[in-house]
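>>> Build me a structure from this.
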Amino acid sequence: MNLKKTVMMTIAAGMTAFSLAAPMAAFAAEAPAAETASASEEPRELSAEEALELYKQSGYLYTSQRYGFSIVCPTKPVAVVPASMIDEQAYGEVLIFESEGFDIKHAWTIQCKAFEDASIPDNLAQKSEKEQQAYLDNLMKTMPYEFVRLADVLGDGRLGLYAVTAKDWEVDENGDGKPDGTLHSDTQTVRTFFRGQLGGHFAVELLDNPDITAAHTATYRLGLMTFQEIPAVNNDAAIEKKSDKKKK
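Just a heads-up that it's a prediction; the model follows:
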């Protein structure tokens with residue numbers, strides 16, 4: 001799956017913010033009628049390149065020196081918390097865009113050190129279609145996924161994984177290799193696993209509560225295409241020093 005091509009599947013449905021008619025409508029009350037005649041025209045569908053460029057211009061660039069990445073968010077996060085607050089094993093951050101008290105409504109979890117080399121081989125792109133499909137079939141059997149595909153996330157030819165978690169999935173409770181129970185989750189998430197430009201093992205997860213929306217999926221996919229791995233700074237003193245230099 002090429003992410004740049006696939007993002008077009010949700011832009012038309014969920015990206016009303018990127019409609020070319022939207023900014024014109026905002027000024028319709030003030031501008032002369034002759035200048036706003038085109039505001040009544042049907043908004044045209046943006047290409048993936050146009051949508052990405054507009055997203056970059058209107059979004060918020062978030063940089064994490066501690067965890068070594070930058071990404072363009074749809075808006076400035078209202079809060080950023082350690083990923084370990086949601087998952088004890090997670091190493092990264094949660095960028096929260098909307099919440100009600102302690103209930104997260106819309107967020108991205110960004111983890112580094114998110115997978116082992118063996119779980120997502122670096123040579124997936126070189127494998128045959130048959131081998132790739134066998135790999136995906138095994139994931140569907142062993143992971144709580146409703147959907148999983150290989151994805152060229154950063155457009156560099158290296159394949160990662162793009163998956164949607166299931167609300168209900170079968171589990172092997174007695175270890176006999178056969179499903180004999182079912183687990184349920186009230187919510188679903190979208191998870192993408194990939195290697196960064198410097199070789200880091202990242203996972204970016206869309207949290208959308210109570211249901212995944214087309215608009216949030218579209219901005220999530222656009223955000224993935226802006227992801228940049230940077231050298232991580234792992235001590236507070238060095239991070240503070242870098243921040244001071246930026247202020248000057």
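
>>> Find the centremost residue of this structure, please.
Among the residues of the chain, the one closest to the centroid is Y220, at 4.1 Å (C-alpha atoms, centre = their mean).

>>> Sticking with that one, tell me its helix or strand.
Using DSSP states H and E, Y220 falls within helix 214-224.

>>> Give me the below-cutoff pLDDT ranges for this structure.
Low-confidence segments of the chain, defined by pLDDT under 70, are located at 1-43, 173-174, 235-248.

>>> and if we set it to 50?
Low-confidence segments of the chain (pLDDT under 50): 8-39, 243-248.

>>> how about the strands in it?
60-64, 69-73, 79-82, 92-100, 103-112, 145-151, 160-165, 168-171, 181-184, 189-195, 201-208, 228-229 (DSSP state E).

>>> Generate a markdown table for those strands, with distance to D122 as supplementary columns.
For the C-beta atoms, the positions are set from N, CA and C on the backbone; glycine is no exception. Compiled in a markdown table, the strands of the chain are given as follows (distance: least, C-beta to C-beta, whole Å):
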| stretch | distance to D122 |
| --- | --- |
| strand 60-64 | 24 |
| strand 69-73 | 19 |
| strand 79-82 | 28 |
| strand 92-100 | 21 |
| strand 103-112 | 16 |
| strand 145-151 | 13 |
| strand 160-165 | 10 |
| strand 168-171 | 28 |
| strand 181-184 | 31 |
| strand 189-195 | 7 |
| strand 201-208 | 10 |
| strand 228-229 | 15 |
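
>>> Could you check the ones you listed and tell me which one is nearest L124?
Ranking those by proximity to L124 (C-beta to C-beta) places strand 145-151 first, at 6.2 Å.

>>> Partner strands of the closest one and their direction?
strand 160-165 (antiparallel) (DSSP bridges).

>>> what does the partner strand rub up against?
Judged by C-beta atoms under 8 Å, 6 or more residues apart in numbering, the contacts made with strand 160-165 from elsewhere in the structure are 1, 3, 120, 139, 143-153, 185, 188-195, 212.
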